[in-house]
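> Below: sequence and its predicted model.
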Amino acid sequence: MWELIQSNRRKSIFLFTGMAVTLILLGYLIGNSFYPGDGGFIGIIIALVIWTVMSIVSVTAGSSLILSISKAREVTPDVHRQLFNIVEEMKIASNLPVMPKVYIINSEAMNAFATGMDPSKSAVAVTAGLLSKMKRDELQGVIAHEISHILNRDTKFITYASVMLGSIVIISEIFLRGMFRGTLTKRYGSKSKGGGQAQIIILIIAIVFAILAPIMARLLYYAISRKREYLADASAARITRYPEGLASALEKISECTSELQSANKVTAALFIANPLKKKGMKLSDLSSTHPPISERIKILRGMMHGHGANYRDYQKSFSAVKNSASKIIPPSGLSDSSLIPLRVSSEDLPSELSSIEEKRNMGDIMMAVNNYSSLTCQCGLKLKIPPGFGTNKPQVTCPKCGAVNKVSIAKQIII
Amino acid sequence: MVPVIVLVALIVIFVFYIISIYNSLVGLRNQVKNAWSQIDVQLKRRHDLIPNLIEAVKGYMAHERGTLENITNARSKAVSAQGVSEKAKAEAQLTEAIGKFNLVVENYPDLKANQNFLALQEELTSTENKISFSRQNYNDQVLFFNNKIQMFPSNIIASMFGFKEEVFFQVEDTTERAVPKVSF
C-alpha cells in the first residue's frame, strides 16, 4: 500500500511542477507586459502571493470549507448506526489509523465524498438519498471507495492541485478581463509610447498564454483525477473483496435523476460520481473529473468473472474493457501477485424496498440529521417534532385522531 | 584530508540508511501486532453481544431452544478457550452457530419486525464483518512485513537483527472464510 502512495506522490510532483512553471510564467508574462523589465518579477511575486494565501486557507480550513459548501452535517452514531458500522468496518479493513468523521448531506441526490489532508484527520460524507436507497453491500462499496481516496492521499492531492489550478484561473481571468475592458491597455499605451514592437509581442504572448494556461491546467487536473478515480475503485474492490457491491452502487447512482445542488466545479472531483452530470452541456471525456460510470461498472463486474480482488485483477479487467494497454495501477501495485479471493455477498435475500418506503426512509434520515424527534400517537401515527418545538408548545394534537400528546415524551429518531 | 571527510560522510549516510530500514521494519512489525490485537477486540465484542441477542429473541423463539443453546455453549467455550489453535476452533464453532441462528430467524416474521432485534442484528452482522476484515487486515500487514523481510536490501538488515517472518492467519473451515450470510 505504501509503495502505491509513493508512486502517486511522484506523479503528483510532475503535475505540480508543471502547474508551478505555468503559474510563474504567467506571472512573469503579465507583469512584463505592464512594466517591461522589472515588471516580470513583480508579476511572479504577486502570483506566488496569491498561491500562498490560497494554499494556507485550503490547507488549514479546506475540509471544513468543502463540507460547509456541500451543506454536510456531522452526525452521531445514533442517527444512522449502519453507516457508522460500515465506516468502521472499512476503517479496519484499510488499516486507517483513526475513524473518519461521518457527515450526511440532506439531499435526494445519490453521492458521497471524502476529504482530509491526512488519514488521521479525515471525513466522509454521504447524501440522504444514497443512504436510503443502498443495500448494505452497496453502501460498503461506496464507503470503501471514499476511504481509498483518503488512503491513496487523493483528498490531499485534490486540495493542492485545485489551489494551483484556482490560482492560475484567477490570475488569467483578472488579466484577460482587464484587457477586454481596455482600461489596462489604455494605461499601458500611454506609459510606453516609444516602447516599440517587442512590447506588443510580449503582450500578445501574455494574452495567448492567459487563455491557454487555465485550459491546459484543467485538462491535466481532470486527467489525473480520472486516473485516481479508477485507482480508488481498484482499492475499494481489494478492501471489500467484493467488486459487485460498488458496481451495483454505481449502477444505482447512474440511474438516479436528482442532482446535488450544493456541488460545484471545484468540489466535483471529490465525489464518487460526477455530481454535475446533468448541468448544461454534455461533458466530453476530456473535460470530466470522472471516467464514464458505465465503464467503471463494467471493469468491476469483469473482476467478478475472475477469482481475485487484487490490483492485478483490476488491471486485467480494465485492459479487457478499455481494450488498451495503458497502466492504471502503478507497477508496485501490480507486483503483488498474491491471490486475494473474492467473497460472497453478505446478503443472499435482497430486501427490495418499495419507492414509497425508500422516500419515507430518506425523509427519516433527513429529519434525524436535523435533530427532529419522533412521537408515536395512540392511533399509531408517527409524529415528527422539529427541534425546539417543545419550548413553545408543550403539547401537540394528532392530526389523525385529535388526541393530545405531550411533546416531552418524543424520542430521538433512530434509523 | 578531503578523502577522509568523504569517507566519514559516506559512513554516516550508510548508518542512517540502515537505521531507516531498521525503523521501517520495526514499524511494520508493530502494525502486524496491532492488527492481531484488533481481531481480539472484535471477538470480544461478539462475546459481549451474544447474551443481549439471546435475551431479545428468547420470547419469540421458544421452539428453537436447541439453536439458542448451541450459541450459548459455543460462546462460553470461546470465552474460556486458551491457546491460539483452541481459540480459533472455538470461534469457528461460534460463527457456525450464529450462521445457523440467522437462517432460523427467517421463519419468524414478528422478530424481523422488532426494532430492537433489528438493531441487535445489525450490530451482530457488523461485528462478524469486523472480525473478518480485521483478519484480512492482519494478513495484509503480514504480507507487507514478510515482503520487506524477503526483499533486498532490507533482508540483510532483517537477518542481522533477527526479524522473523510472521505467520498468516488461515481459516481451516471454508465456511468460516466467507463472511457469514445474514439475511434481513
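Noted; the coordinates are in hand.
> those strands in chain A, which residues are they?
A:72-74, A:101-105, A:112-118, A:121-127, A:373-376, A:382-385, A:395-397, A:404-406, A:411-412 (DSSP state E).
> CA atoms only for the fourth one - export them in CSV, please.
To tie it back to what came earlier, the one meant is strand A:121-127. Only the C-alpha atoms of strand A:121-127 are listed here, as CSV (Å, rounded to 0.1, in the frame of the first residue of the first chain):
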residue,chain,number,x,y,z
LYS,A,121,-7.9,13.8,10.1
SER,A,122,-10.4,12.7,7.5
ALA,A,123,-14.1,12.8,6.9
VAL,A,124,-16.6,11.0,4.7
ALA,A,125,-19.9,12.5,3.7
VAL,A,126,-22.9,10.7,2.1
THR,A,127,-26.2,12.1,0.9
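> how many degrees apart are that strand and strand A:101-105 in direction?
30 degrees (axes from the mean of the first three to the mean of the last three C-alpha atoms, to 10 degrees).
> Now do the helices in chain B.
Along chain B, the stretches classed as helices by DSSP state H are B:2-57, B:65-80, B:84-105, B:109-112, B:115-150, B:154-160, B:174-177.
> and B:Val41, which of the strands of chain A is closest to it?
strand A:101-105 (20.1 Å; C-beta to C-beta). For glycine as for every other residue, the C-beta is placed from the backbone atoms N, C-alpha and C.
> Need the pLDDT of the nearest residue to A:Asp118 once chain neighbours are set aside.
Excluding the flanking residues, the one nearest A:Asp118 by C-beta to C-beta, 6 or more residues apart in numbering or on different chains is A:Lys156, at 7.3 Å. The score at A:Lys156 is 85. That number is its pLDDT.
> Check which residues of stretch B:139-154 are buried.
B:139-149, B:154 (16 or more other C-beta atoms under 10 Å in any protein chain shown).
> Please state the offset of it from the chain centre?
Relative to the mean C-alpha coordinate of its chain, stretch B:139-154 is positioned 19 Å out (C-alpha atoms, centre = their mean, to the nearest Å).
> With stretch A:7-23 instead?
Its chain's C-alpha centre and that of stretch A:7-23 lie 20 Å apart, by C-alpha atoms, centre = their mean.
> Stretch A:302-319 now?
Centroid separation for stretch A:302-319 versus its chain: 25 Å, with C-alpha atoms, centre = their mean.
> got the buried residues for that stretch?
A:302-304, A:306, A:308-319.
> now check it, is it near chain B?
No. Using C-beta under 8 Å from any C-beta of the partner chain, stretch A:302-319 stays clear of chain B, coming no nearer than 10.3 Å.
> Need the CA coordinates for that stretch. PDB is fine.
Output in PDB follows, covering the C-alpha atoms of stretch A:302-319 (Å, rounded to 0.1, in the frame of the first residue of the first chain):
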ATOM      1  CA  GLY A 302     -15.300  -8.000 -15.100                       C
ATOM      2  CA  MET A 303     -13.400  -8.800 -11.900                       C
ATOM      3  CA  MET A 304     -16.300 -11.000 -10.700                       C
ATOM      4  CA  HIS A 305     -15.600 -13.400 -13.600                       C
ATOM      5  CA  GLY A 306     -12.100 -13.900 -12.400                       C
ATOM      6  CA  HIS A 307     -11.200 -15.100  -8.900                       C
ATOM      7  CA  GLY A 308      -9.200 -12.400  -7.300                       C
ATOM      8  CA  ALA A 309      -9.800  -8.900  -5.900                       C
ATOM      9  CA  ASN A 310      -6.100  -7.800  -6.100                       C
ATOM     10  CA  TYR A 311      -4.900  -4.700  -8.000                       C
ATOM     11  CA  ARG A 312      -3.600  -7.100 -10.700                       C
ATOM     12  CA  ASP A 313      -7.100  -8.400 -11.300                       C
ATOM     13  CA  TYR A 314      -8.500  -4.900 -11.700                       C
ATOM     14  CA  GLN A 315      -5.800  -4.000 -14.200                       C
ATOM     15  CA  LYS A 316      -6.600  -7.200 -16.100                       C
ATOM     16  CA  SER A 317     -10.300  -6.300 -16.200                       C
ATOM     17  CA  PHE A 318      -9.500  -2.700 -17.100                       C
ATOM     18  CA  SER A 319      -7.400  -3.700 -20.100                       C
END
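> for it, what is the average pLDDT?
Per-residue pLDDT values over stretch A:302-319 give a mean of 82.
> before we move on, what about stretch B:162-173?
Rounded mean pLDDT across stretch B:162-173 is 75.
> in the stretch 251-400 of chain A, what spans have low per-residue confidence?
In the predicted model, the stretch 251-400 of chain A carries pLDDT under 70 at residues A:264-267, A:277-287, A:307, A:332-339, A:344-354.
> where do the helices sit along it?
For the stretch 251-400 of chain A, the helices defined by DSSP state H, counting those that start in this stretch cover A:293-305, A:311-322, A:331-334, A:355-369, A:389-392.
> circling back: out of the helices of chain B, deepest packed?
Scoring those by mean neighbour count under mean count of other C-beta atoms under 10 Å in any protein chain shown gives helix B:115-150 as the most buried, with a mean of 20.
> Kindly spell out which helices and strands sit in contact with that one.
Counting contacts by 3 or more C-beta pairs under 8 Å, 6 or more residues apart in numbering or on different chains; DSSP states H and E, helix B:115-150 packs against helix A:81-94, helix B:2-57, helix B:84-105, helix B:154-160.
> List the contacts of the residue nearest the centre of chain A.
By C-alpha atoms, centre = their mean, chain A has its centre lying nearest to A:Leu270, at 1.3 Å. By C-beta atoms under 8 Å, 6 or more residues apart in numbering or on different chains, A:Leu270 lies in contact with A:66, A:113-115, A:149, A:155, A:158.
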